[in-house]
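[1] after the sequence you'll find the predicted model.
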There are 2 protein chains.
Amino acid sequence: MTARTLIADLAAHDAGPVKVQGWVETVRDQKRVQFVILRDESGSAQLVNPVNDDTAETAASISALMHGSFVTVEGELKHDERVKLGGLEVKIASLVVETTALDSPIDAETGIDKRLDHRMLDLRRPEAQLIFRVQTAIEHAFRTRWIDEGFIEIHTPKLMASASESRAELFEVPYFETTAYLAQSPQFFKQMAQGAGFGKIFEIAPAFRADPSFTSRHATEFTSVDAELSWIDSHEDVMAHHEALLTDAITAVVERYGDQIRDAFGIELQVPTLPFPRISHAAAKQIVEARGHTIERADGDLDPEAERRVSAHVAETMGHDFVFVTDYPDTVRPFYHMRHGEGLTSSYDLLYKGTEIATGAQREHRVEVLEDQARSKGMDPEELSSYLDFFRYGVPPHGGFGMGLARVVMLMLGLPSIRETTYLFRGPTRLEP
Amino acid sequence: MTARTLIADLAAHDAGPVKVQGWVETVRDQKRVQFVILRDESGSAQLVNPVNDDTAETAASISALMHGSFVTVEGELKHDERVKLGGLEVKIASLVVETTALDSPIDAETGIDKRLDHRMLDLRRPEAQLIFRVQTAIEHAFRTRWIDEGFIEIHTPKLMASASESRAELFEVPYFETTAYLAQSPQFFKQMAQGAGFGKIFEIAPAFRADPSFTSRHATEFTSVDAELSWIDSHEDVMAHHEALLTDAITAVVERYGDQIRDAFGIELQVPTLPFPRISHAAAKQIVEARGHTIERADGDLDPEAERRVSAHVAETMGHDFVFVTDYPDTVRPFYHMRHGEGLTSSYDLLYKGTEIATGAQREHRVEVLEDQARSKGMDPEELSSYLDFFRYGVPPHGGFGMGLARVVMLMLGLPSIRETTYLFRGPTRLEP
């Protein structure tokens, strides 16, 4: 039995017998010769069947072939530079239809909603598969640095007895005799790992927000990239780690997929320079005003348009796609962010090409200060007791960040929505497929 | 400012000024000299403070030190082979208490339930941290092979519109105007990736079972290790991949942590030989009977005692910790497992030291056969329509496995329960911390 050859490996394969397996992208059923474009996870190739008495049976099954059918083909590989698709073709000796397929209800013109209804077929587009290969490379680059630096991987529970971030946007789950909540972030549990003396930890896992909004950046379930580090001196240490991770990831993506990204998305992906620019929240607001945008939010925090203008300013004046906006006022930050005087926090948001992709901070590790900060936010320390209890037994200075994976990929590839970069998007009105 | 040195790196550090940071494990407060055992994520070391007029202030803070407090210490490193703990000590120049700690409510004698109540403190035990370092190494070994072999990482949704495995043991989540269910496995979605032409995929992610049982092997939330491969010839291809992954993982763990595992758990971890033994389900039942155990289960499937006896047989006769039990009857397998005649399925369970850690199979990819198999299980194909629809648009032959990560670690380290190898265990009566 001939072993399968990936289509991408045919170019380096000797002429002669090969077996290829994939799905039928196109059939050109001509009188004297039939062509089948076969695609697999590595690429596409032309199969050819000259029609004559010897090939009549194969010819009949090719004539009946539906696009999208999965087939196994054995044949003769011939290198021929006149063939546009890779300079090679396979002359079919045998063709076995493994599964036939209904006609695809979507095509290149179909809108995102209907494409998501038929996500399996939508993902057959080579650009869609490239998105997830890029995502795989990004995650592997992150994890490689984490492993090299001695981080421990943790899997925090997604079923919690209380809210991890806020009571709003919380999914409830009836849980035996009680009620559980789906984790909005691994925040409490990755801080617990600091008190446990784990030093440095990471997790890439789902997080859940019962968020009724329908923007291009929000989902009810998303993949959160989280790291937390002990013994930092300030949020500056977190940012240094964060920018190193992203630079590793983009370097890996450019090396492996730079050409394919240019072809598929028209993006010339560049490795960013280090360090990423830093702009204080106060300075960012001045930039936004100077660029003619008035922030309407009651709390004065940057709105999406303000984020775009800050990024535009950084791109124009510093030639950089990333910017850390630092030192947010405590009024717009959670109680557990460390404060460093004058109402400012040791925190940051990371903007990438105009959109927030991550929030990071040094956390407050002194329980009496934490209690004060909770009270100043109108929270009752009693309700936070199981969280605050961690700190009563000792937690070292620490900080970390949470980052939305689908946003990173969306912005990296210049795509319009996380619906394109999430394997199966979940929104208020979408639970299927 | 002196940079922090990890305690494990002190041995290779020149004598002279160092900064170490960690938590206080022990204080010996003697009249003329004080000793502090400081632990960090890398190990423990002895700090010393000779009591005299110059050190009175430091002496007072050491006398007041609570176990578990996190401290920053600068001092003079001295290599001295008479010191039992690593042949070195640090003479304290300054000691800053970063956070004090309440007295620990648990100690070496505390039972598992109370330890889980105070899991943060429980995880400070060096053996507990070793468990999660081993787990990190296992996952990294898995992912390294996957990346090398061109797998795509996917993140499947945990919120689903219908059950992924069975209607039993399903968590319901009120979801806007409808109801969602927490995924019991990524089964459907990783099969969807096959129809999408992804070829080979992996995921390590939470899965949820509303399982009311209280055994040492069950949890309501667990980390599932999943892979799925297109274009396999049979479940044999899945097993070959599966055993290679586990062998990679154990090799990595032995190299990196073999000595520490021997010291902490008294286990001499061995790299398994390839291939792992295979025993058909029918042969396994005969072995169990010959070893004097009668299976009481109505469906005739192996019960936990039967699994232990099969593993004992394999250990005694083949000297192997692993065994694939193959070709389960279709009566005890889900409808989506491929059948290969005489009521048998192309499936397997993987037993490790007497306990099932994984289930794998070739999946049925022909929709009309799938419908028949669903009907023969008393299921209504109508109810499965969103799953079956995948197959109507073409899915190649494929198979894969799902494996419980905490079980693998438990058995590898000879621990009594997955409560020890899960970061934060979730059971019917445990949602906290």
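    Thanks, I have the structure now.

[2] from here on, contacts and neighbour counts on C-alpha atoms
    OK.

[3] which residues of the stretch 151-300 of chain A score low on pLDDT?
    A:164-166 (pLDDT under 70).

[4] whichever residue of the stretch 301-433 of chain A sits closest to chain B: neighbour count?
    Ranked by Cα to the nearest Cα, the top residue of the stretch 301-433 of chain A for proximity to chain B is residue A:393, at 4.2 Å. Other residues within reach of residue A:393, judged by other Cα atoms under 10 Å in any protein chain shown, total 25.

[5] also the one 5 residues further on?
    By the criterion of other Cα under 10 Å, residue A:398 has 26 neighbours.

[6] can you get me a residue count around the nearest residue to it once chain neighbours are set aside?
    Leaving aside its sequence neighbours, residue A:398 sits nearest to residue A:230 (Cα to Cα, 6 or more residues apart in numbering or on different chains; 4.2 Å). Taking other Cα under 10 Å as the criterion, the count of residues near residue A:230 is 25.

[7] the residue of the stretch 301-433 of chain A closest to chain B: what's it in contact with?
    A:195, B:68-69, B:100-104, B:121 (Cα atoms under 8 Å, 6 or more residues apart in numbering or on different chains).

[8] filter the residues you listed to the buried ones?
    Taking 16 or more other Cα atoms under 10 Å in any protein chain shown as the criterion, what is buried in those is A:195, B:68-69, B:100-101, B:121.

[9] out of those, list just those in helices.
    The members of those that map onto helices under DSSP state H are A:195, B:121.

[10] JSON lines please, covering the buried ones among the contacts of residue A:393 and showing distance to residue A:360.
    Below are those laid out as JSON lines (distance: Cα to Cα, whole Å):
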{"residue": "A:195", "distance to residue A:360": "19"}
{"residue": "B:68", "distance to residue A:360": "27"}
{"residue": "B:69", "distance to residue A:360": "25"}
{"residue": "B:100", "distance to residue A:360": "25"}
{"residue": "B:101", "distance to residue A:360": "26"}
{"residue": "B:121", "distance to residue A:360": "26"}
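
[11] doesn't residue A:57 fall inside a helix?
    Yes. Per DSSP: H, G, I helix; E, B strand; the rest coil, residue A:57 lies within a helix segment.

[12] and it, how close does it get to chain B?
    Residue A:57 is 22 Å from chain B, where distance means Cα to the nearest Cα, to the nearest Å.

[13] do residue A:281 as well
    Taking Cα to the nearest Cα, one finds residue A:281 at 28 Å from chain B.

[14] kindly report the same for residue A:185.
    Counting by Cα to the nearest Cα - residue A:185 and chain B are separated by 14 Å.

[15] show me how chain A divides into domains.
    A:7-99, A:119-421 (automatic domain parsing).

[16] just how off-centre is the first one within its chain?
    Shown here is domain A:7-99, whose average C-alpha point lies 34 Å from the average C-alpha point of the whole chain (Cα atoms, centre = their mean, to the nearest Å).

[17] show the contacting residues for residue A:46.
    Residue A:46 neighbours (Cα under 8 Å, 6+ apart): A:35-38, A:85, A:88-90.

[18] buried residues in whichever strand or helix holds it, which are they?
    Using DSSP states H and E, residue A:46 maps to strand A:43-50. Under the neighbour-count criterion of 16+ other Cα under 10 Å, strand A:43-50 has A:43-50 buried.

[19] what's the most distant pair in the buried ones among the contacts of residue A:393?
    B:100 and B:121 (13.8 Å; Cα to Cα).

[20] quick check, residue A:419 in a helix?
    Yes. Applying three-state DSSP, one finds residue A:419 inside a helix.

[21] ok, for it, nearest residue in space, not its chain neighbours?
    residue A:425 (5.5 Å).

[22] which residues in the stretch 201-350 of chain A form strands?
    Counting by DSSP state E, counting those that start in this stretch, the stretch 201-350 of chain A has strands at residues A:221-230, A:278-280, A:322-326, A:347-352.

[23] parallel or antiparallel, which strands does the first one pair with?
    In other words, strand A:221-230. Strand A:221-230 sits in its sheet next to strand A:200-208 (antiparallel), strand A:398-404 (antiparallel), going by DSSP bridges.

[24] contacts for the longest strand seen in chain A next, please.
    In chain A, ranked by residue count with DSSP state E as the criterion, the top strand is strand A:16-29. Strand A:16-29 has contacts (Cα under 8 Å, 6+ apart) with A:2-7, A:34-41, A:62-63, A:65-78, B:197, B:231, B:396.

[25] show me what counts as buried in that strand.
    A:17-27, A:29.

[26] could I get the residues you listed in TSV, plus columns for pLDDT and distance to residue B:317?
    As requested, those are exported to TSV (pLDDT from 0 to 100; distance: Cα to Cα, whole Å):
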residue	pLDDT	distance to residue B:317
A:17	97	43
A:18	97	42
A:19	98	40
A:20	98	42
A:21	98	41
A:22	98	43
A:23	97	46
A:24	96	49
A:25	94	52
A:26	94	55
A:27	95	56
A:29	92	60
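
[27] can you redo these as JSON lines with distance to residue B:405?
    Shown next, in JSON lines, are the buried residues of strand A:16-29 (distance: Cα to Cα, whole Å):
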{"residue": "A:17", "distance to residue B:405": "42"}
{"residue": "A:18", "distance to residue B:405": "39"}
{"residue": "A:19", "distance to residue B:405": "36"}
{"residue": "A:20", "distance to residue B:405": "35"}
{"residue": "A:21", "distance to residue B:405": "32"}
{"residue": "A:22", "distance to residue B:405": "32"}
{"residue": "A:23", "distance to residue B:405": "34"}
{"residue": "A:24", "distance to residue B:405": "38"}
{"residue": "A:25", "distance to residue B:405": "39"}
{"residue": "A:26", "distance to residue B:405": "42"}
{"residue": "A:27", "distance to residue B:405": "45"}
{"residue": "A:29", "distance to residue B:405": "50"}
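
[28] tell me the one of the residues you listed nearest residue A:242?
    Nearest to residue A:242 among the buried residues of strand A:16-29: residue A:22, at 39.5 Å, using Cα to Cα.

[29] residues contacting the closest residue to the closest one other than its chain neighbours?
    Spatial nearest neighbour of residue A:22, excluding adjacent residues (Cα to Cα, 6+ apart): residue A:40 at 4.4 Å. By Cα under 8 Å, 6+ apart, the contact set of residue A:40 is A:6-7, A:21-23, B:197, B:199.

[30] give the contact list for the nearest residue to residue A:199 once chain neighbours are set aside.
    Counting by Cα to Cα, 6+ apart, residue A:199 lies nearest to residue A:230, which is 5.0 Å off, once chain neighbours are set aside. Counting by Cα under 8 Å, 6+ apart, residue A:230 makes contact with A:194, A:199-200, A:396-399.

[31] can you rerun that using 10 Å?
    Taking Cα atoms under 10 Å, 6 or more residues apart in numbering or on different chains, we find residue A:230 in contact with A:191, A:193-195, A:197-201, A:238, A:362, A:395-400, B:21-22, B:41.

[32] select, out of the domains of chain A, the one closest to residue B:178.
    domain A:119-421 (12.4 Å).

[33] rewinding a little: can I get the strand holding residue A:46 in CSV, CA atoms only?
    Below are the C-alpha coordinates for strand A:43-50, written out as CSV (Å, rounded to 0.1, in the frame of the first residue of the first chain):
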residue,chain,number,x,y,z
GLY,A,43,-2.3,22.8,-0.6
SER,A,44,-3.9,21.9,-3.9
ALA,A,45,-2.8,20.0,-7.0
GLN,A,46,-4.2,19.1,-10.4
LEU,A,47,-5.2,15.5,-11.1
VAL,A,48,-5.7,14.5,-14.7
ASN,A,49,-7.6,11.7,-16.4
PRO,A,50,-7.3,11.3,-20.2
